[in-house]
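**Q** Got a predicted structure here, sequence first:
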Amino acid sequence: MDKLKILVVEDENPAQAVMAAQLTGHAVDFAKDKKTAQKKLAGGSYDLCFLDLMLGLDDNYSGLKLIADAKSKGFYSVVMTSSDSDDIINKAYELGCDDFYIKGNEKTNISAVIAKYLQRGKSGNLNKVFSEGFITEDPATRANVTEALKYAASGSPILILGPTGTGKTCLAQVIHQHSGRPGEFVAMNCSAYTEELMEAELFGYRKGAFTGANETRKGRLLQADNGTLFLDEIGSMSLNMQTKLLKAIEEKSFYPLGSDKPEHSDFRIISATLEDLQALITQGRLRLDFFQRIHGLTVNLKPLRERACDIFPLIRQFTRGARQLSFAPDAKTFMLQYEWPGNIRELKKLVDLLVSGTENRVTLETIRKHLSQELRPLPPGGFLTDAQYKYAVENGLDGAEELFTYEIIRRNMQENNGNKSKVMVNLKISTNLLYARLKKFEPTKGGEPDGRK
Amino acid sequence: MEENNKTEKPLHKIRSQCASLKTIAEMFKTCAAEKKPELLALMKEAGQDIMDCLARLEKDLKN
């Protein structure tokens, strides 16, 4: 989130300490009395001013009087008081304060105030979000992102679904920027870690906790205190890790590895996946209680081929400050009709190649040449049949792989009239592999094939 | 407005310090050990302020 410049006008030391704690991560200045406050307001530049209503026991509502000073400089002014009197609240608004809260629940109140301020200044202008933060001109995607931003300040978990390269991390960052949470945005790709590494990475560890732990290290959970923890590819997290993380989410505390002292962290979870989480639950790979904890609001991001209107705005964004690209009409048409299996990531890679090239005008031929070098991901489930999948689940992956290779060998042998040499050349396999599979699966006299269950 | 009420300001102050006291007490539970003395001092300061306001209210009641 952006670091804000904030003035807190508060005479009580304990209240100042509370404000300092809640505004960690921002540049905070304090004033204890009206005179100092007026001086700082006149000479300084602040995004937000928190004004205590009464500065001292015999003060005559200085906070109300300071509203005018803050307004004259265009600062967003917030009156804070322990009075819930309607007269006071009405008076504060009459004098032009932007927000008002009653002391006692600072954490929630201050987060809400900052989120409201940011909402007014930034997502109040959603066009800026869609032209600089999350680039899209697609009406449905804009509606989804707008909906997500409404929940940005709530602290509720958000689950972002979408194929690879559709901008899930980018959206998570935009949500964090509009959350009002002063802490860091901490991103972690769950598929990049083994269970042991992930535990150390998430919870941190003390020096000597395990072989190689040469120093004490802060985990991602603590790093995300008062901020956002973004967990990408959440579906690849082990059941054991899900249990541990669930406990940390519920209790807001956890034990770093090798430590008997709990750490506390107030982090907001945004998770993302390209997998069908309901299917993972059915398969027993995702705990239902963990799923319920992470899927407060669900945002679906469409693949790039379904929002082709975003292709050229994205290209403009990628080439900002770099060489501008000019596309031949047939190249444009091709790009608008292309499938983009790697989505925005694939587009970005293409643009990087084009920008570093020397062509003044990008032709269809160049586009085709670059895109044909891309590895095509298989469509989900398109290569794998249900029968293959069922067999693998019942007999293990090794058994399924053996049967799979045997059936390919057998078919190729039939097509080549049993010529084993041709099969080995065609399938690029060794003699050992060919005979091993035939021995295992060819029917023996008067019996079933010994390899097939 | 409330400023006309003689007891309103001490009561206002008491509510304010109570709010701070409550929040610091929550922070105290989870803060690092080296931070605890500082928070304890702040809680004592808030407590003392509340006592001063109560004394003032008491005095006003007697007069």
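**A** Thanks, I have it.
**Q** now the chain, which segments are flagged as low pLDDT?
**A** No chain was given, so I picked chain A. A:1-2, A:119-125, A:373-383, A:385-386, A:443-453 (pLDDT under 70).
**Q** You answered for a different chain; I wanted chain B.
**A** B:1-5.
**Q** got the contact list for A:I234?
**A** Going by CB atoms under 8 Å, 6 or more residues apart in numbering or on different chains, A:I234 touches A:159, A:190, A:271-273, A:277, A:294. C-beta coordinates here come from the backbone N, C-alpha and C atoms, glycine included.
**Q** any chance of those residues in JSON lines, with distance to A:I429 too?
**A** Shown next, in JSON lines, are these (distance: CB to CB, whole Å):
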{"residue": "A:L159", "distance to A:I429": "43"}
{"residue": "A:C190", "distance to A:I429": "35"}
{"residue": "A:S271", "distance to A:I429": "42"}
{"residue": "A:A272", "distance to A:I429": "39"}
{"residue": "A:T273", "distance to A:I429": "36"}
{"residue": "A:L277", "distance to A:I429": "38"}
{"residue": "A:I294", "distance to A:I429": "44"}
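**Q** Domain map for chain A?
**A** A:5-121, A:126-300, A:304-372, A:386-441 (automatic domain parsing).
**Q** Dump the ones you listed to CSV, plus distance to B:K35.
**A** Formatted as CSV, the domains of chain A follow (distance: least, CB to CB, whole Å):
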stretch, distance to B:K35
domain A:5-121, 10
domain A:126-300, 12
domain A:304-372, 44
domain A:386-441, 52
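**Q** Mind checking which of the contacts of A:I234 are in strands?
**A** Among the contacts of A:I234, the ones falling in strands (DSSP state E) are A:159, A:271-273.
**Q** rewinding a little: from the contacts of A:I234, list the buried ones, please.
**A** Applying 16 or more other CB atoms under 10 Å in any protein chain shown to the contacts of A:I234, the neighbour count classes A:159, A:190, A:271-273, A:277, A:294 as buried.
**Q** What separation is there between the most centrally placed residue in chain B and A:P14?
**A** Nearest residue to the geometric centre of chain B (CA atoms, centre = their mean): B:Q17, 2.8 Å. From B:Q17 across to A:P14, the span is 7 Å (CB to CB, to the nearest Å).
**Q** hey, what's in contact with both of those two?
**A** In contact with both B:Q17 and A:P14: B:46, B:49, using CB under 8 Å, 6+ apart.
**Q** burial measure for residue 62, as a count.
**A** In the absence of a named chain, chain A is used. Neighbour count for A:S62, taken as other CB atoms under 10 Å in any protein chain shown: 20.
**Q** sorry, should have said chain B
**A** What B:K62 shows, counting by other CB under 10 Å, is a neighbour count of 6.
**Q** For the nearest residue to A:I234 once chain neighbours are set aside, list each beta-bridge partner.
**A** Closest residue in space to A:I234, ignoring its immediate chain neighbours: A:S271 at 4.1 Å, by CB to CB, 6 or more residues apart in numbering or on different chains. On the basis of DSSP bridges, A:S271 is bridged to A:L159, A:L231.
**Q** show me the contacts for residue 50.
**A** Looking at chain A here, since you left the chain open. A:6-10, A:19, A:78, A:80, A:113.
**Q** My question was about chain B, not that one.
**A** B:13-14, B:17-18, B:21.
**Q** Intersect the residues you listed with the contacts of chain A.
**A** When contact is defined as CB under 8 Å from any CB of the partner chain, the contacts of B:I50 meet chain A at B:13, B:17-18, B:21.
**Q** So which of these belong to helices?
**A** Per DSSP state H, helices hold the following members of the ones next to chain A among the contacts of B:I50: B:13, B:17-18, B:21.
**Q** Write out the residues of chain B neighbouring chain A.
**A** For chain B, the residues in contact with chain A (CB under 8 Å from any CB) are B:1-3, B:9-10, B:12-13, B:15-24, B:27, B:30, B:38-39, B:42-43, B:45-46, B:49, B:53, B:56.
**Q** Need the buried ones from those selected in PyMOL.
**A** Paste this into PyMOL to select the buried members of the residues of chain B next to chain A, with burial taken from 16+ other CB under 10 Å:
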select buried, chain B and resi 9+10+12+13+15+16+17+18+19+20+21+22+23+24+27+39+42+43+45+46+49+53+56
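**Q** Next to chain B, which bits of chain A? Give me the list.
**A** So chain A meets chain B at A:12-15, A:17-18, A:21, A:52-54, A:57-61, A:81-83, A:85, A:87-88, A:91, A:103-104, A:106-107, A:253, A:264 (CB under 8 Å from any CB).
**Q** Out of those, which end up buried?
**A** By neighbour count, with 16+ other CB under 10 Å, the residues of chain A next to chain B hold A:12-15, A:17-18, A:21, A:52-54, A:59, A:61, A:81-83, A:88, A:91, A:103-104, A:106-107 as buried.
**Q** re the thing from before, by neighbour count, which of the contacts of A:F50 wins?
**A** Neighbour max across the contacts of A:F50 (other CB under 10 Å) = A:V9, 30 neighbours.
**Q** Could you report the separation of the nearest residue to that one once chain neighbours are set aside from chain B?
**A** What sits nearest to A:V9 in space, not counting adjacent residues and going by CB to CB, 6+ apart, is A:A37, at 4.3 Å. According to CB to the nearest CB, to the nearest Å, A:A37 and chain B sit 17 Å apart.
**Q** A:A37: which element?
**A** helix A:34-43 (DSSP states H and E).
**Q** what sits up against stretch A:51-71?
**A** Contacts of stretch A:51-71 (CB under 8 Å, 6+ apart): A:9-12, A:15, A:32-34, A:37-38, A:41-42, A:46, A:49, A:76-83, A:88, A:91-92, A:95-97, B:1, B:3, B:9-10, B:12-13, B:16, B:53, B:56.
**Q** what about that stretch, start to end distance?
**A** For stretch A:51-71, the first-to-last residue distance is 12 Å (CA to CA, to the nearest Å).
**Q** quick check, distance from it to the centre of its chain.
**A** In terms of CA atoms, centre = their mean, to the nearest Å, the gap separating the centre of stretch A:51-71 from the centre of its chain is 41 Å.
**Q** One more: stretch A:237-249?
**A** Worked out by CA atoms, centre = their mean, stretch A:237-249 lies 18 Å from the chain centre.
**Q** Using CSV, list the CA coordinates for it.
**A** The C-alpha trace of stretch A:237-249 is given here as CSV (Å, rounded to 0.1, in the frame of the first residue of the first chain):
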residue,chain,number,x,y,z
MET,A,237,-0.6,-27.2,-0.5
SER,A,238,-0.4,-30.5,1.4
LEU,A,239,-3.2,-31.5,3.8
ASN,A,240,-0.8,-31.3,6.7
MET,A,241,0.2,-27.7,5.8
GLN,A,242,-3.4,-26.8,5.3
THR,A,243,-4.1,-27.9,8.9
LYS,A,244,-1.2,-25.9,10.3
LEU,A,245,-2.1,-22.7,8.3
LEU,A,246,-5.8,-23.0,9.2
LYS,A,247,-4.8,-23.0,12.9
ALA,A,248,-2.6,-19.9,12.3
ILE,A,249,-5.4,-18.1,10.4
